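Trainee: need a 3D model of the sequence below.
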Amino acid sequence: MAKKNDALLNLKKQIKEKNLKPLYLFYGEETYLKELYTERITEQIPDAGLPEFNHIKLEGSAVPFSEYDDAWESFPMMTDRKLILIKDSGIFKLRKTKDDLYSTDELKEFWTEKFKRIAEDTVVIFNESSVDKRSALYKAAAKSGIAVEFDYLGETDLVTWVVKQCLDSKKRISKDTAHYLITRCDPGINNVNNELQKLLTFCDEEIYKSDIDRVVSKSLQVIAFELSDAIMEHNAQRAMAVLNDLKTVKENAFTILYLLFSNFDKMLHTKLLSGASQSEVAAEIGTAPFIARKYIESAKGFSEEALTKMVIRVPEIDLAIKEGRTDDWTALEQYVIECIHMSGR
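Mentor: Predicted structure coming up:
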């Protein structure tokens, strides 16, 4: 954890002192922070009204080597430096598939050379959804510049962020109410901010829980937890009520089915990680620590055997729907009832 903090502190220092490195690798789940620090670096490299020459953007894993070569070799126009923004290149993953444009060896050879030859007038930012820290290219990039991982903010930090945003907008919100807000949203600052902006527009001087109930839409993940809680409690009436509400607003049954599948799968992983800390569980299942706590608590209500059966059952239901042996909503409702019976007491 110290290394993560050190990298972020170094990044902040470089931006503050306007002493940018030639290469930055940003990765992790927190899209908002990756975009924020990309923007802060971009602000220090003006495009002089010629973004196609000075702010070169390349995205996706299908970009040919020739385009990267052109970006590397071009000169900034009417300004001292140029910026190369590369998004979701996928080059920092260990495994390659048969559909990838280049082999692992070709990528390694090409990019290792590129990292060594970044001109003084160039700053390169990689914005990646995921990386494998064991990969040779990750290690080479980190050696040539700085690699910063942006995890989801912890519960305390996210609550503090919400409170600050409200104060900046001349509104008030208690920490307890801010916490209530984040528990109704999907992980990530962007998701929380989308709902917070609605509240800032709707509310007067202070935001209350009742305002959140009226204005904020529960995330499907939150609703999936309500369903799994109803299953754990053997409350078929409550489970059916949740499903009926979802059906009324025309939610996709497949989406709900696979959210339940994801919930039960994460609970099973959590159960198999017996003795692991909350942060270790969060890292393993790929979610924010405060959401991992919910999985840990929910997993206690199910046996390992029951969770295994629930996870295995979903692909079978998926096949039955695709073969036309049942419709999606009927299958979902029957699955929820099955899960109540499978969970036992």
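Trainee: tell me which helix or strand T330 sits in.
Mentor: In this structure, T330 sits in helix 328-343 according to DSSP states H and E.
Trainee: what residues of that helix count as buried?
Mentor: 328-329, 331-333, 335-336, 339-340, 342-343 (16 or more other CB atoms under 10 Å). Backbone N, C-alpha and C define where each C-beta goes, glycine included.
Trainee: could you export the residues you listed as JSON lines, including distance to C203?
Mentor: Written out in JSON lines, the entries for those read as follows (distance: CB to CB, whole Å):
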{"residue": "D328", "distance to C203": "38"}
{"residue": "W329", "distance to C203": "36"}
{"residue": "A331", "distance to C203": "41"}
{"residue": "L332", "distance to C203": "36"}
{"residue": "E333", "distance to C203": "37"}
{"residue": "Y335", "distance to C203": "39"}
{"residue": "V336", "distance to C203": "36"}
{"residue": "C339", "distance to C203": "39"}
{"residue": "I340", "distance to C203": "39"}
{"residue": "M342", "distance to C203": "43"}
{"residue": "S343", "distance to C203": "40"}
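Trainee: on that earlier part again, can you tell me which helices and strands the helix holding T330 packs against?
Mentor: Packing partners of helix 328-343 (3 or more CB pairs under 8 Å, 6 or more residues apart in numbering; DSSP states H and E): helix 220-232, helix 236-248, helix 253-272, helix 304-322.
Trainee: how about these in TSV, adding distance to W72?
Mentor: Listed next are the helices and strands packed on helix 328-343 as TSV, based on distance: least, CB to CB, whole Å:
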stretch	distance to W72
helix 220-232	41
helix 236-248	50
helix 253-272	40
helix 304-322	45
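Trainee: so which of those comes closest to N193?
Mentor: Closest to N193 of the helices and strands packed on helix 328-343 is helix 220-232 (CB to CB; 16.6 Å).
Trainee: identify the residues contacting the closest one?
Mentor: In this structure, residues lying in contact with helix 220-232 by CB atoms under 8 Å, 6 or more residues apart in numbering are 183-186, 236, 238-239, 242-243, 246, 251, 255-256, 259-260, 262-264, 267, 294, 298, 301-302, 336, 339-340, 343.
Trainee: list only buried entries from those.
Mentor: When neighbours are counted using 16+ other CB under 10 Å, the contacts of helix 220-232 contain these buried positions: 183-186, 239, 242-243, 246, 251, 256, 259-260, 263-264, 267, 294, 298, 302, 336, 339-340, 343.
Trainee: what stretches of the protein score poorly on pLDDT?
Mentor: For the chain, the stretches with pLDDT under 70 are 1-4, 95-99, 344-345.
Trainee: report the contact partners of the residue of it positioned farthest from its centre.
Mentor: In the chain, counting by CA atoms, centre = their mean, M78 sits farthest out from the average C-alpha position, at 37.5 Å. Under the criterion of CB under 8 Å, 6+ apart, the neighbours of M78 are 48-50, 54.
Trainee: and stretch 232-244, how far out from the chain middle?
Mentor: Stretch 232-244 has its average C-alpha position 29 Å from the chain's average C-alpha position, going by CA atoms, centre = their mean, to the nearest Å.
Trainee: and the residue farthest from the centre of the chain, backbone torsions?
Mentor: In this entry, M78 is assigned phi and psi values of phi 60, psi 20 (degrees, to the nearest 10).
Trainee: burial count for T201?
Mentor: 9 (other CB atoms under 10 Å).
Trainee: what about it, which helix or strand?
Mentor: Counting by DSSP H and E, the secondary-structure element that holds T201 is helix 189-202.
Trainee: name the helices or strands packed onto that helix?
Mentor: In this structure, helix 189-202 makes packing contacts with helix 31-43, helix 155-168, helix 175-183, helix 209-215, judged by 3+ CB pairs under 8 Å, 6+ apart.
Trainee: can you redo the ones you listed as JSON lines with distance to I125?
Mentor: Shown next, in JSON lines, are the helices and strands packed on helix 189-202 (distance: least, CB to CB, whole Å):
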{"stretch": "helix 31-43", "distance to I125": "6"}
{"stretch": "helix 155-168", "distance to I125": "23"}
{"stretch": "helix 175-183", "distance to I125": "28"}
{"stretch": "helix 209-215", "distance to I125": "36"}
